[in-house]
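>>> Here is a sequence together with a model predicted from it:
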Amino acid sequence: MDINQTNSVVQAKPYVLIIDEINRANLPAVLGELIYALEYRGESVESMYAINGNASLMLPPNLYIIGTMNTADRSVGHIDYAIRRRFAFVEVLPDESVITDKIAQKLFGEVKNLFIKDGSGKTTLAPDFNWQDVMLGHSYFLGTLADLELKLEYEIKPLLREYIKDGILLESASVIVENLKIVKVPSAPPAGTPSPAGTVAPPARTPLPAGTPPPAGTPSPAGTPPPAGTAPASPATAAATTAATTTAAATTDNTPPYNHVN
């Protein structure tokens, strides 16, 4: 064996053990003697049980244990200090920034106001509780509008009612909880949509500066005099124009102009 390989430090592949709702588990049954080994990571400890005559137990440094728990559960008190000192605790508080929908943001703000003091110092949270421990998480407010409506009626409101029943929220919160609802923001109507009276407002016209001739093809209002320098058409000229128009219309038809007069 190459001596350089034996002296080199080989980084072991990391492994992660996740225990969800660790505060609900029977930790002596789940962890067993691992509870003892957690305090001496990388060192060999003696176990009560031997495997192939070897009673030593060691927690390798590449094994990571993550336990999740909800502090709103009363069973969190079942984790004693001996277990707590073997773990580092990281708080994951409700994060409003992950809620992108405006309607969900508004509902989240209304629920949040039940737990946090407003500008006047008032709150509906009982003084024995901290809002960080009982505030509803942001996952309740994620998803589509249909998901939000279902969560409000069958998850958010029932949980808040239980909070009031258990004394976490004061009785004054009852009216606020029952009045929680989804407020849909009306969208702007598309262009050309009739008004409530059934009429469509005509598009606004920009007035032309004085002396500017109208665009080509724009009919002049009745009674408007011709532009300056334009001679009025004589009756003969008007008749000739009418005859030429009639002749052109007749010659473009497939029917011969039998009664055409030159």
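Thanks, I have the structure now. What you are looking at is a predicted structure, and each value in this text was computed from that prediction instead of being measured. Numbers count the residues shown, from 1 in each chain.
>>> Just the CA trace of stretch 170-183, in PDB.
Extracted in PDB, the C-alpha atoms of stretch 170-183 (Å, rounded to 0.1, in the frame of the first residue of the first chain):
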ATOM      1  CA  LEU A 170     -58.200  35.600  23.900                       C
ATOM      2  CA  GLU A 171     -62.000  35.500  23.500                       C
ATOM      3  CA  SER A 172     -61.800  38.900  21.700                       C
ATOM      4  CA  ALA A 173     -60.200  37.100  18.800                       C
ATOM      5  CA  SER A 174     -63.400  35.100  18.000                       C
ATOM      6  CA  VAL A 175     -65.100  37.800  16.000                       C
ATOM      7  CA  ILE A 176     -61.900  38.400  14.000                       C
ATOM      8  CA  VAL A 177     -61.400  34.700  13.300                       C
ATOM      9  CA  GLU A 178     -65.000  34.200  12.100                       C
ATOM     10  CA  ASN A 179     -64.800  37.300   9.800                       C
ATOM     11  CA  LEU A 180     -61.700  36.000   8.000                       C
ATOM     12  CA  LYS A 181     -62.400  35.600   4.300                       C
ATOM     13  CA  ILE A 182     -60.800  35.600   0.900                       C
ATOM     14  CA  VAL A 183     -61.000  39.100  -0.700                       C
END
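>>> where along the stretch 101-250 of the chain do the helices fall?
102-112, 131-134, 145-151, 157-165, 173-178, 235-251 (DSSP state H, counting those that start in this stretch).
>>> Any chance you could list what contacts the fifth one?
Looking back up the chat, that one is helix 173-178. 110, 113, 114, 124, 157, 160, 161, 163, 164, 169 (Cβ atoms under 8 Å, 6 or more residues apart in numbering). Every residue, glycine included, has its C-beta placed from N, CA and C.
>>> Put the buried members of these into a PyMOL selection.
The PyMOL selection below is limited to those of these classed as buried (16 or more other Cβ atoms under 10 Å):
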select buried, resi 114+124+157+160+163+164+169
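>>> ok, back up a step: lowest-confidence stretch among the helices of the stretch 101-250 of the chain?
For those, the bottom mean pLDDT is recorded on helix 235-251, which sits at a mean of 44.
>>> Could you pull up the mean pLDDT of stretch 51-70?
Stretch 51-70 comes out at a mean pLDDT of 86.
>>> again, but for stretch 25-40
81.
>>> in it, what counts as buried?
25, 27, 31, 34, 36, 37, 38.
>>> of all these, which comes closest to residue 81?
Distance to residue 81, by Cβ to Cβ, is smallest for residue 27 among the buried residues of stretch 25-40, at 12.7 Å.
>>> In contact with residue 96, which residues?
Counting by Cβ under 8 Å, 6+ apart, residue 96 has contacts 105, 108, 109, 112, 138.
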